[in-house]
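**Student:** make a model of this:
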Amino acid sequence: MIVATNPVHAQIAGSETTSSDRDIIVYGRALAQIGIATSGSQGVVGYKDFEDKPLSRVGELVENVPGVIATQHSGTGKANQYFLRGFNLDHGTDFAGFVDGAPVNFRTHGHGQGYLDLNFLIPELVERIDYRKGPYFADVGDFSAAGTVKFTTVDRLARPMVEVTGGSYGYYRALAAGSSTLAGGDLLVALDGTRSNGPWDLNEDLRKVNGLVKYSRGTVDHGWNLGLTGYHATWNATDQVPERAIASGLIGRFGNIDPALGGRTIRIGLTGNAHLGATDINLYGLYYRFLLTSNFTYFLNDPVNGDEFQQRDQRGQFGGSIRHSIPVTIGAMPVAFTVGGEGRWDHIGKIGLYNSIAGRTSGTVRQDKVDEYSGAVYAEGTASLTDRIRLTLGLRGDLYGYDVRAQTIAANSGKGSDGILSPKAALAWRATDHLELYANYGKAFHSNDVRGASIRVDPVTGDPVDRVPVLVKARGYEVGARAEFRRFTVSLVGYHLSLGSELVFVGDGGTTEPNDATRRYGAEATLFWRPTEWLTLDASGAVTHARFHDVAPGKTRIPNSVDEVVSAGAALDLGHGVTGSLRVRHFGAAPLIEDGSVRSNPTTLVNLGTYYTAGRVKIGVDVLNLFDARDADITYFYASRLQGEPAGGVEDRHIHPVEPRQLRVSMRYSL
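**Tutor:** Numbering: from 1, shown residues only. From the prediction side, this is the model:
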């Protein structure tokens with residue numbers, strides 16, 4: 001791995017091309033993985049891979065992971081909706097995210113289990129993205145069945161910079177960031193603010209502020225850093241709306257049914273990392289507050305006041321991890337052992353569901369205080385059986401405990417615990433200097449909301465309800481191949497994944513609930529190619545067959561399980577400071593109910609970016625949704641009731657449209 005610099009970042013993993021400023025152009029996807037990777041579906045994305053890639057939303061950074069789609073069915077301040085390997089991952093369940101070593105997914109969250117909100121990231125300060133798919137890695141546990149993505153922020157900037165962006169529909173953004181030397185280390189400070197109305201009939205009125213202060217000392221192998229992040233956002237939301245309301249002319253395509261929806265989030269995080277040769281240590285603490293007002297069924301349950309509701313979450317989150325590497329020789333065989341452990345405590349002071357009218361709380365459905373804690377240990381060893389064959393075996397053990405103190409219905413209080421063992425195995429064969437083959441097996445899990453593990457009485461109906469397990473097993477198999485040449489990298493994998501329980505969206509509750517066991521199998525292919533110095537091409541495609549297991553015949557389709565995903569792009573360097581980027585992203589139709597009789601429509605978007613750099617000034621022009629597609633970001637099917645409709649409501653497709661064509665112009669000045 002090469003430690004490199006470019007005009008923005010001072011340290012980043014990269015490849016080989018240099019400029020007149022002795023800056024190394026960084027293409028993380030060109031980094032050699034043969035001899036390092038343990039599966040065909042893991043990789044690295046460097047800053048140069050996405051520096052000039054148009055982004056509509058911060059969460060779309062995850063689309064740098066081949067096969068991942070990030071959409072939105074509500075306001076921009078809310079976590080994205082993620083899709084991978086035939087999963088509708090909701091807001092993050094079965095897709096684990098980390099930033100500078102700290103986990104981002106929330107357990108027992110007020111809106112959705114595994115809630116993965118990446119809005120606090122500043123894209124220009126992301127140094128690299130490491131991704132891995134499947135349950136094959138011992139150092140990750142909860143939410144990792146489908147995949148894991150790890151963001152690393154830069155330690156310092158080569159030059160301070162100021163950037164301003166303006167665009168369609170009242171979009172304005174300003175960023176100021178810079179580094180300085182302090183007490184033998186590097187101090188990085190950044191402040192990022194965004195205002196946007198969006199194309200919606202109801203102004204989104206997004207107001208978002210991000211901040212990052214990071215201090216680093218030492219080297220990559222012997223050093224430490226401490227980072228403080230702050231994030232605050234408020235927004236109005238136009239959620240998914242029934243197609244019949246648009247077709248009848250009741251609302252426009254970007255209209256709304258309930259104008260009082262929206263949310264706010266406060267997130268303050270402290271993260272520390274120490275690299276002590278063979279030992280890595282991570283510690284983190286987080287303060288978090290969340291409020292979301294939603295209404296998915298309108299007047300179905302309450303024909304007078306409506307079905308609007310609010311979800312709240314207020315918590316402190318604390319934890320850390322340690323990892324230690326031990327290289328040994330057994331006989332004449334080199335073996336690299338890794339042992340590690342982690343702990344986490346979520347102290348949830350308030351989590352609740354409330355009725356609301358016009359955005360104001362009108363009653364409490366359920367309110368709780370929750371403490372959820374976990375610990376894990378793991379061990380993994382990679383043996384070089386020959387100079388071309390590596391065998392990796394791992395075992396992970398996780399133990400969870402919880403204490404739910406229900407404040408509305410005492411019977412829903414409870415304490416408990418659960419544990420799980422997750423074995424892993426991987427075989428890599430370097431068939432030639434340019435070709436490596438892989439076989440993987442592993443078990444993982446996702447946790448359920450522990451309120452579901454203690455519940456006895458439905459807070460809405462008063463009926464007795466069944467409890468759910470705290471931990472749900474997943475099992476995966478994968479075979480793959482990777483070919484690498486100087487300018488060309490390609491990989492191909494086939495996988496099978498089974499899950500003990502699926503979390504699916506429930507329209508009348510506006511949330512997710514555990515459902516039946518599922519099985520998936522599919523194939524993925526990725527390509528990275530630099531045919532010339534001025535052209536870089538990349539592409540990825542995935543097809544998945546996803547079904548419920550052991551259910552009634554004809555009810556096997558998994559709602560919102562996308563069968564096919566394709567993304568591709570071209571980056572051009574035309575010389576004289578002119579560069580360009582063209583991206584296309586497509587995800588196919590998906591069943592919306594279990595018998596497959598109702599399906600969503602496919603969605604295809606094309607984004608274009610052009611950039612001009614002259615000295616310390618960079619000007620960018622991004623065109624989002626270049627061809628003004630009128631597709632849907634997300635589609636659901638369920639019953640809702642508009643005023644004047646039958647008491648039982650009307651079953652209909654509900655869509656959140658993609659945003660129309662937008663122009664954004666930015667100017668960056670590097671001091």
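**Student:** CA only for contacts and neighbour counts going forward, please
**Tutor:** Noted.
**Student:** show me where the stretch 451-600 of the chain has its helices.
**Tutor:** Counting by DSSP state H, counting those that start in this stretch, the segments of the stretch 451-600 of the chain that form helices are 451-454.
**Student:** and the nearest residue to residue 671 once chain neighbours are set aside, what does it touch?
**Tutor:** Distances taken as C-alpha to C-alpha, 6 or more residues apart in numbering put residue 160 closest to residue 671, at 5.3 Å, once the chain neighbours are dropped. Neighbouring residues of residue 160 by C-alpha atoms under 8 Å, 6 or more residues apart in numbering: 176-179, 670-671.
**Student:** recalculate using a threshold of 10 Å.
**Tutor:** If you count contacts by C-alpha atoms under 10 Å, 6 or more residues apart in numbering, residue 160 has them with 7-8, 176-180, 188-190, 669-671.
**Student:** among the residues you listed, which are in helices?
**Tutor:** Assignment to helices by DSSP state H places none of these there.
**Student:** which one of these is nearest residue 593?
**Tutor:** Residue 593 lies nearest to residue 190 out of the contacts of residue 160, by C-alpha to C-alpha, at 45.4 Å.
**Student:** was I right to think the closest one contacts residue 231?
**Tutor:** No - Residue 190 lies out of contact with residue 231 (C-alpha atoms under 10 Å); the separation is 12.0 Å.
**Student:** now for these two: what residues contact both?
**Tutor:** Residues touching both residue 190 and residue 231 (C-alpha under 10 Å, 6+ apart): 210-212.
**Student:** using TSV, please lay out the residues you listed together with neighbour count and secondary structure.
**Tutor:** As requested, the shared contacts of residue 190 and residue 231 are exported to TSV (neighbours: other C-alpha atoms under 10 Å; DSSP: H, G, I helix; E, B strand; the rest coil):
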residue	neighbour count	secondary structure
210	21	strand
211	21	strand
212	22	strand
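**Student:** with those residues in mind, which one is nearest to residue 32?
**Tutor:** Of the shared contacts of residue 190 and residue 231, the one sitting nearest to residue 32 (C-alpha to C-alpha) turns out to be residue 212, at 31.2 Å.
**Student:** surely that closest one touches residue 271?
**Tutor:** No - if you go by C-alpha under 10 Å, residue 212 and residue 271 don't touch, sitting 11.0 Å apart.
**Student:** quick check: neighbours shared by these two?
**Tutor:** The overlap between the contact sets of residue 212 and residue 271 (C-alpha under 10 Å, 6+ apart) consists of 227-229.
**Student:** quick one: the strands in the stretch 1-150 of the chain?
**Tutor:** Taking DSSP state E, counting those that start in this stretch, the strands of the stretch 1-150 of the chain run over residues 2-4, 12-14, 17-18, 24-25, 43-46, 69-71, 81-84, 87-88, 95-99, 102-103, 126-133, 147-153.
**Student:** how far is the longest one from where the chain is centred?
**Tutor:** Looking back up the chat, that one is strand 126-133. 11 Å (C-alpha atoms, centre = their mean, to the nearest Å).
**Student:** which strands or helices does that strand pack on?
**Tutor:** Judged by 3 or more C-alpha pairs under 10 Å, 6 or more residues apart in numbering; DSSP states H and E, strand 126-133 is in contact with strand 12-14, strand 43-46, helix 47-50, strand 95-99, strand 147-153.
**Student:** dump it to PDB, restricted to CA.
**Tutor:** Extracted in PDB, the C-alpha atoms of strand 126-133 (Å, rounded to 0.1, in the frame of the first residue of the first chain):
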ATOM      1  CA  VAL A 126     -13.400  10.800   3.500                       C
ATOM      2  CA  GLU A 127     -10.000   9.300   2.700                       C
ATOM      3  CA  ARG A 128     -11.000   5.800   1.800                       C
ATOM      4  CA  ILE A 129     -13.900   3.300   1.900                       C
ATOM      5  CA  ASP A 130     -13.300  -0.300   2.700                       C
ATOM      6  CA  TYR A 131     -16.100  -2.700   1.900                       C
ATOM      7  CA  ARG A 132     -16.800  -6.400   2.500                       C
ATOM      8  CA  LYS A 133     -19.900  -8.400   1.700                       C
END
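**Student:** any buried residues in stretch 331-339, and which?
**Tutor:** Buried residues in stretch 331-339, counting neighbours by 16 or more other C-alpha atoms under 10 Å, are found at 334-339.
**Student:** gap between the residue nearest to residue 177 when sequence neighbours are not counted and residue 167?
**Tutor:** Excluding the flanking residues, the one nearest residue 177 by C-alpha to C-alpha, 6+ apart is residue 190, at 4.0 Å. Going from residue 190 to residue 167 by C-alpha to C-alpha, to the nearest Å gives 22 Å.
**Student:** more neighbours, these two?
**Tutor:** Neighbour comparison, residue 190 and residue 167: the larger count goes to residue 190, with 20 against 17 (by other C-alpha atoms under 10 Å).
**Student:** separation between that one and residue 227?
**Tutor:** Counting by C-alpha to C-alpha - residue 190 and residue 227 are separated by 11 Å.
**Student:** low-confidence bits of this structure, can you list those?
**Tutor:** Along the chain, the model assigns pLDDT under 70 to residues 1-27, 502-514.
**Student:** tell me the bridge partners for residue 371.
**Tutor:** Beta bridges link residue 371 to residue 347, residue 403, judged by DSSP bridges.
**Student:** neighbouring strands - and their directions - for the host helix or strand of residue 620?
**Tutor:** Secondary structure assigned from DSSP states H and E places residue 620 in strand 617-624. Strand 617-624 has the following strand partners under DSSP bridges: strand 603-614 (antiparallel), strand 662-670 (antiparallel).
**Student:** mean neighbour count and distance to residue 264 added to these, as TSV?
**Tutor:** TSV is the format used below for the strands paired with strand 617-624 (neighbours: other C-alpha atoms under 10 Å; distance: least, C-alpha to C-alpha, whole Å):
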stretch	mean neighbour count	distance to residue 264
strand 603-614	20	29
strand 662-670	18	25
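**Student:** between those strands, which gets nearest to residue 275?
**Tutor:** Nearest of those (C-alpha to C-alpha): strand 662-670, 30.5 Å.
**Student:** distance from the closest one to the middle of the chain?
**Tutor:** Using C-alpha atoms, centre = their mean, the offset of strand 662-670 from its chain centre is 25 Å.
**Student:** is it true that residue 237 touches residue 262?
**Tutor:** Yes - counting by C-alpha under 10 Å, residue 237 touches residue 262, with 4.4 Å between them.
**Student:** so for the two, which sits in the more crowded spot?
**Tutor:** The neighbour comparison of residue 237 against residue 262 (other C-alpha under 10 Å) goes to residue 237, with 28 against 25.
**Student:** how close does that one sit to residue 295?
**Tutor:** 10 Å.
**Student:** quickly list what's touching both of these two.
**Tutor:** With C-alpha under 10 Å, 6+ apart, residue 237 and residue 295 have common neighbours 258-261.
**Student:** ok so, going back, for the residue nearest to residue 177, give me its contacts.
**Tutor:** Counting by C-alpha under 10 Å, 6+ apart, residue 190 touches 122, 125, 160-162, 175-179, 210-214, 229.
**Student:** ok, residue 393 next?
**Tutor:** With C-alpha under 10 Å, 6+ apart, residue 393 has these contacts: 136-138, 337, 379-383, 423-427, 441-442.
**Student:** go with 7 Å
**Tutor:** Counting by C-alpha atoms under 7 Å, 6 or more residues apart in numbering, residue 393 touches 380-382, 424-426.
**Student:** what about it, which SS state?
**Tutor:** Three-state call for residue 393 (DSSP: H, G, I helix; E, B strand; the rest coil): strand.
**Student:** beta partners for residue 495?
**Tutor:** Beta-bridge partners, per DSSP bridges, of residue 495: residue 478, residue 522.
**Student:** I'd say it and residue 524 touch.
**Tutor:** No - shown here, residue 495 and residue 524 do not form a contact pair, counting by C-alpha atoms under 7 Å, at 8.5 Å.
**Student:** pretty sure residue 632 sits against residue 655.
**Tutor:** Yes - the pair residue 632 / residue 655 is scored as a contact, 6.1 Å apart, by C-alpha under 7 Å.
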